[in-house]
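>>> Have a look; sequence and predicted model below, questions after that.
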Amino acid sequence: MAVCLRYPAIPFLRPFAHRIAVTRIVRRGAVSSTQADSDPTTKGRNPRDVSDISSEKSPAALRLNAAQIQMIPESQRTVLFNTPLRELDPAGVQGMVEHLRSKGLWGFEPQILPAPTVQLPEMLGGSVEEHFRRIAEEQTRPYVSALDGLLRGQAPSMPAKWEYKAGWTKYEKDGTPYPIAYPDADALVFDVETCLSAGKYATLAAAVSADHWYTWCSSRLVNDTPELLAPGERLDLRYLIPLETDSSADSISSNGSWRKERIVVGHNVAFDRSYIREQYLMEGSRMRFLDTMSLHIALAGFTTAQRAVHMKMTASRKKTEPPTEAEKKKEAAKLAKKKGAPENVNSRRWMEVGSMNNLEAVYQLHCDAILPYDKALSRIFVDGNLNDVRDNFDALMSYCANDVRATHQLAQALVPKFREAAPHPVTFGGLLEMSSVYLPVNKNWEIYISKSNEACTQIEDDLRRSLVKLAVDAVGMREGEAYKDDLWLWDLDWSSQKVTSRTKNLDLAALPNWYRELSKKSETVDAKGIPTPEDVSLRMRLTPKLMRLTWNGWPLHHTPEHGWGWLEPAPPDLEIVPRVELFEVKPPTKGKVKPPAEAAPFPLHKLHELAVKLGRPIGIAKSVPLPQPVATTGKKKNAVNTAVVNTVVSEEDWEKLGDMSPEEQRAFFAQNSSVSSFAGLAEGKNRVVRVLPPVTEVDQELSSYLSEDIEMREFQAKQQKRPPKVVLKKVCLNATELKT
């Protein structure tokens, strides 16, 4: 009996765009709902016979089509479809009835549901799709108009000097500043900077409209006045940034006259929105926000796996010193050259058509340029204090304004791309609405969070205690070597540590290696004196074995080659092509060679017993003959012989091979053949071992190409650590292959 190791695979999810459409699908040869509606003789008929239907009447609100399916009332049908009913072909109706009768679907009384009483509004257009399109266009028109005006041209030039005053300052085109209560533009690009050591309030901000620049400074920064939190560690609205009203609470009109349609653009704008005063008012604001980071993620964002690979590669390639000005100019010239060349997205690598989500990376991808200013100044807000901000006020305000200008240019590049990818106005309207949601809460929210955390901690503790108990129970199977007959624990490392004069803990040394790895940091022991494992969690590869997890009754198993799968007997009449493993024959080394650890034998009889218990069929695997050897000689100067050699091994030697280590097997075949690879197959009384050819020149060239693909190698290495996959594949192993 052979054993099959089956394992799943999860395909990558590709990004997709939503489309809104109203479609009607009609199966060929069947009657559509529109056609069924068009025959007035089908209303209220008896399903037993078509000839009886026209003589029966039904309530005015009840409509049945020719297939006896209840339809919406006529008043609603007229509003939604606005088309006259069409006459049906009697022959087609009769054919439909005969077809349903032949399938046993005719002759039943229809289940009548209450007619909907909703009063539909008048349709805006000739179809449902056009109706919603017009509504979305009407609702988003003020924001689209303001956004188009903001992005139509370049941002105005920045002032030569920034005003150091609390509150908002507006700058004319010549740089003249004057104070204002809040920006008076309908569309802004906005950015906030906070000094982490100064508390939860914003420190300074900058904004730009189509014609003017605006800056804001906190009172604490300029006047060193305290900005305290409200009771309960909550924000005080007086210290937030006003964008629609005066900073005094009395200026808010009770009739909501301050609420106007405005739009604010930002990169990760949800962060900036959290410092805006009007967003916390219960009256609600009509201001909407457009996030360039969200637009980028929808168009060219990385997946989770791609982000991890990119971060690892960036860390390995990172230089110890920042790039010089010459290197920056060289990179900028390269981007400019690429911008002028015709673009073929399908031929570009994924790292070239996507980027991380930070402003610098997104700007470089979509604007084909490097940010023309140094982002290192942002460290002052992270590591410094308010005095450092005051000492570097002009430079830091210019840094914030440069972020605003870069976001403006980024929006000019992203908005047309997004409109092309998602042209429906409902998509843009939904984007604006999602950017303005908020959740009003009270003290009950804090109680809910606290209780949720307590419940989560309790569940995690219970799970850990359960895993500890399973590990302690499993280590008890070392007595009598019961683990050798266990379908989950047979391949764990059950060897113990060699006791020497340096051994500190004799009890721990006597335990199996896999258990000792879990108990290195343990400070407690159980009643039997066994250390309690501390480093046990659900994320460990050992956990499914301790929990004895199964798939459809079969035990889970893990191999480095295939990952997680399950073991089951080979199905009846299964033909098995043995796996071909490549071994490199190395010359014998001088000195002592440490023998490899002996692999644990697989308890095949236990799998047989499990199959009988589950009532599953057990088959005998049939070997597939290997192709006949073909010898060829290369014509190139450095070409190598590609002959395939078969080595005949006696039955006695074949039995010995099963107990040999890989090194001993290599030495055995090196004595019988000059070729360095082999794979085993049963054939008659003797065993035929196929010796694989050496690597050809073409293989070496292909290998060099693959070795240069750092991203692919890093990605494959990470994929080996991912959880089990879901598309079923199958690899058949015999008992010897499972053992080695």
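Ah, there it is.
>>> which residues in the stretch 51-200 of the chain form strands?
Here the stretch 51-200 of the chain has its strands, by DSSP state E, counting those that start in this stretch, at 63-64, 70-71, 167-171, 177-180, 187-193.
>>> Give the other helices and strands that the first one contacts.
Spelled out, it's strand 63-64. When contacts are defined as 3 or more CB pairs under 8 Å, 6 or more residues apart in numbering; DSSP states H and E, strand 63-64 sits against strand 70-71. For the C-beta atoms, the positions are set from N, CA and C on the backbone; glycine is no exception.
>>> Likewise for the third one?
Judged by 3+ CB pairs under 8 Å, 6+ apart, strand 167-171 is in contact with strand 177-180, strand 213-217.
>>> Note down every partner strand of it and its orientation.
Here strand 167-171 is paired, per DSSP bridges, with strand 177-180 (antiparallel), strand 213-217 (antiparallel).
>>> picking up where we left off before, mind putting the strands of the stretch 51-200 of the chain into CSV with distance to residue 215, mean neighbour count and mean pLDDT?
Formatted as CSV, those follow (distance: least, CB to CB, whole Å; neighbours: other CB atoms under 10 Å; pLDDT from 0 to 100):
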stretch, distance to residue 215, mean neighbour count, mean pLDDT
strand 63-64, 65, 21, 89
strand 70-71, 63, 15, 92
strand 167-171, 5, 21, 97
strand 177-180, 8, 13, 95
strand 187-193, 11, 24, 97
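>>> Now render those strands as TSV, adding distance to residue 230.
Converted to TSV, the strands of the stretch 51-200 of the chain look like this (distance: least, CB to CB, whole Å):
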stretch	distance to residue 230
strand 63-64	60
strand 70-71	57
strand 167-171	21
strand 177-180	26
strand 187-193	20
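>>> Out of those, which gets nearest to residue 374?
Across those, residue 374 has its closest neighbour in strand 187-193 (14.9 Å, CB to CB).
>>> Show me what that closest one is in contact with.
Outside strand 187-193, the residues that touch it by CB atoms under 8 Å, 6 or more residues apart in numbering are 146-147, 149-150, 155, 202-210, 214, 241, 243, 262-267, 269, 271-272, 275, 378, 381, 396, 399-400, 403-405, 407-408, 411.
>>> In strands, which of these fall?
204-208, 214, 262-266 (DSSP state E).
>>> from those residues, which two are the most distant?
204 and 263 (22.2 Å).
>>> do you know which of the strands paired with strand 167-171 lies nearest residue 369?
Of all the strands paired with strand 167-171, strand 213-217 comes closest under CB to CB, at 21.6 Å.
>>> filter the ones in strands among the contacts of strand 187-193 to the buried ones?
204-208, 214, 262-266 (16 or more other CB atoms under 10 Å).
>>> got CSV for the residues you listed, with pLDDT and distance to residue 232 too?
Shown next, in CSV, are these (pLDDT from 0 to 100; distance: CB to CB, whole Å):
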residue, pLDDT, distance to residue 232
204, 96, 27
205, 97, 26
206, 98, 31
207, 98, 31
208, 97, 36
214, 98, 32
262, 96, 31
263, 97, 33
264, 97, 28
265, 98, 33
266, 97, 28
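>>> Who's the closest spatial neighbour of residue 548, skipping the chain neighbours?
Spatially, and ignoring its direct neighbours in sequence, residue 548 is nearest to residue 488 (5.3 Å; CB to CB, 6 or more residues apart in numbering).
>>> give me phi/psi at that neighbour?
Residue 488 adopts backbone torsions of phi -110, psi -40, taken as degrees, to the nearest 10.
>>> just checking, it touches residue 556?
Yes: the pair residue 488 / residue 556 is scored as a contact, 7.4 Å apart, by CB atoms under 8 Å.
>>> shared neighbours of these two, anything?
Residues touching both residue 488 and residue 556 comprise 544-545, with contact defined as CB under 8 Å, 6+ apart.
>>> Out of the strands paired with strand 167-171, which gets nearest to residue 83?
For the strands paired with strand 167-171, the distance to residue 83 is smallest for strand 213-217, at 53.8 Å, taking CB to CB.
>>> Please name every helix or strand in contact with whichever helix or strand comes after the closest one.
Downstream of strand 213-217, the first helix or strand assigned by DSSP states H and E is helix 219-223. On a contact count with 3+ CB pairs under 8 Å, 6+ apart, helix 219-223 meets helix 386-391.
>>> Report the buried residues of the helix it packs on.
Applying 16+ other CB under 10 Å to helix 386-391 flags 386, 388-389 as buried.
>>> what about it, average pLDDT?
Averaged over helix 386-391, pLDDT sits at 95.
>>> Restricting to C-alpha, output that helix in PDB.
Extracted in PDB, the C-alpha atoms of helix 386-391 (Å, rounded to 0.1, in the frame of the first residue of the first chain):
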ATOM      1  CA  LEU A 386       8.100  72.300  20.500                       C
ATOM      2  CA  ASN A 387      11.300  74.300  21.100                       C
ATOM      3  CA  ASP A 388      12.900  72.400  18.200                       C
ATOM      4  CA  VAL A 389       9.800  73.300  16.000                       C
ATOM      5  CA  ARG A 390      10.100  77.000  17.000                       C
ATOM      6  CA  ASP A 391      13.800  77.100  16.100                       C
END
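>>> what's in contact with that helix?
Contacting residues not belonging to helix 386-391 are listed as 195, 197-198, 203-204, 220-221, 224, 380-381, 396 [CB under 8 Å, 6+ apart].
>>> Just the buried residues of those.
Here, 16+ other CB under 10 Å leaves 195, 198, 203-204, 220-221, 380-381, 396 buried among the contacts of helix 386-391.
>>> Let me have those in a markdown table, extended by distance to residue 74.
Formatted as a markdown table, the buried ones among the contacts of helix 386-391 follow (distance: CB to CB, whole Å):
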| residue | distance to residue 74 |
| --- | --- |
| 195 | 67 |
| 198 | 67 |
| 203 | 65 |
| 204 | 64 |
| 220 | 68 |
| 221 | 68 |
| 380 | 71 |
| 381 | 66 |
| 396 | 68 |
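>>> What is the lowest-pLDDT residue among those?
Ranked by pLDDT, these bottom out at residue 198, which scores 90.
>>> what stretches of the chain score poorly on pLDDT?
Scanning the chain for pLDDT under 70 picks out 1-61, 248-257, 317-348, 501, 505, 507, 527-529, 571-599, 617-740.
>>> which helices and strands does the helix or strand hosting residue 474 pack with?
Element membership for residue 474 (DSSP H and E) is helix 443-475. Packing partners of helix 443-475 (3+ CB pairs under 8 Å, 6+ apart): helix 513-518, helix 543-546.
>>> Since that was my last question, I'll sign off now.
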